[in-house]
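Colleague: coordinates for the following, if possible.
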Amino acid sequence: MSEPRVRHRRRRRRGRRSERARAVILLPNLITSAALLLGFWSIILSAQQQFERAALCIVLAAVCDMLDGRIARATNSATPFGVEYDSLSDLVSFGLAPSLLIYHWVLVPLGPRGWLIAGLFTLCAALRLARFNVRAQAEESLYYQGLPTTAAGAMVAVTVWFVSWLGPSLQGTWFAFEGPPFGRLPGALLTTGFAVLALLMVSSLPYPSLKLIRIEGRRAYPTLVAVVLFSVALLLNHEWMFFALGAIFLLSGPAVWWRRRYREARQLAPAEAHEERVDG
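Modeller: This is a model prediction of the structure:
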């Protein structure tokens, strides 16, 4: 085979490799774009009073948000552009979209106070993302500081589903979630819950980072069984299961914080007792 043909084939192979590399780098950004557009679509649906569909868009955006990062890490295609683009997408899909869903679903009757509560959620989401970007450049940890914006936005969405499912069973009672617009007590509970979600995002509570958890060895089989059981329960009643899963994750932050404080107290107790004996 002549030398020019060999060179030509080598160039073609290099070209194919570079095209594959570009495709691998592009895939996470395409998924991030899908999450961004789902957040935008959720905003439109919220304005049209289609709250359950708006919530579905936020949940689908959360799925995309989990996929893009995992694919980028698995293919070693993470870039500074992808990190910044992902944060902007998160702000729209899990900061702005849930805020407007909250506003149109619950807060409209409150007037300017409703604007402030919805704005608080967006503001806390932006602060949480900025803090995450700064700390992510320093080190990766097994725990997030504060509730992740994805979890907060998804919790808003599954709350819409849960209340829509629960509402008919409570009609005619003093605790009826009939709305929107909701009664005074249900509206106050929902408003307080959303404000708490916003504050949890900027808190210092440690929330587990699921992306760094590896399931292998003895944990693999029990985890597989748990996933199968959860999937069956999800098919039977997705509104309740999504809400329960979100509530468990919300409580994991205070639980981890309390466990750390308890361990620190137990470690300090013998030292303090020894010092008292020495002083005595």
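
Colleague: drop to CA atoms for contacts and neighbour counts, all remaining ones
Modeller: Will do.

Colleague: and the next element down the chain from the one helix or strand in the chain whose mean pLDDT sits lowest?
Modeller: Averaged element by element with mean pLDDT, DSSP states H and E, the chain has its least confident helix or strand at helix 220-236 (a mean of 66). Going down the chain from helix 220-236, the next helix or strand is helix 238-279, by DSSP states H and E.

Colleague: packing partners for that next one?
Modeller: When contacts are defined as 3 or more CA pairs under 8 Å, 6 or more residues apart in numbering; DSSP states H and E, helix 238-279 packs onto helix 149-166, strand 206-208, helix 220-236.

Colleague: tilt between it and helix 149-166?
Modeller: 130 degrees (axes from the mean of the first three to the mean of the last three CA atoms, to 10 degrees).

Colleague: now helix 238-279: average pLDDT?
Modeller: The average pLDDT for helix 238-279 rounds to 78.

Colleague: how about stretch 185-204?
Modeller: The pLDDT scores in stretch 185-204 average 89.

Colleague: buried ones in it, by neighbour count?
Modeller: 186, 187, 190, 191, 194, 195, 197, 198, 199, 200, 201, 202 (16 or more other CA atoms under 10 Å).

Colleague: ok, stretch 79-87 next?
Modeller: So for stretch 79-87, counting by 16+ other CA under 10 Å, buried means 82, 83, 85, 86, 87.

Colleague: residues in contact with it?
Modeller: 28, 29, 32, 65, 129 (CA atoms under 8 Å, 6 or more residues apart in numbering).

Colleague: what two of these are the furthest from one another?
Modeller: 28 and 129 (18.7 Å; CA to CA).

Colleague: higher neighbour count, the two?
Modeller: Taking other CA atoms under 10 Å, residue 28 and residue 129 do not tie; residue 28 has more neighbours (25 against 22).

Colleague: find the nearest non-adjacent residue to that one, please.
Modeller: The shortest distance from residue 28 to any non-neighbouring residue, by CA to CA, 6 or more residues apart in numbering, is to residue 68 (4.5 Å).

Colleague: check contacts around the one you found.
Modeller: With CA under 8 Å, 6+ apart, residue 68 has these contacts: 27, 28, 29, 31, 32.
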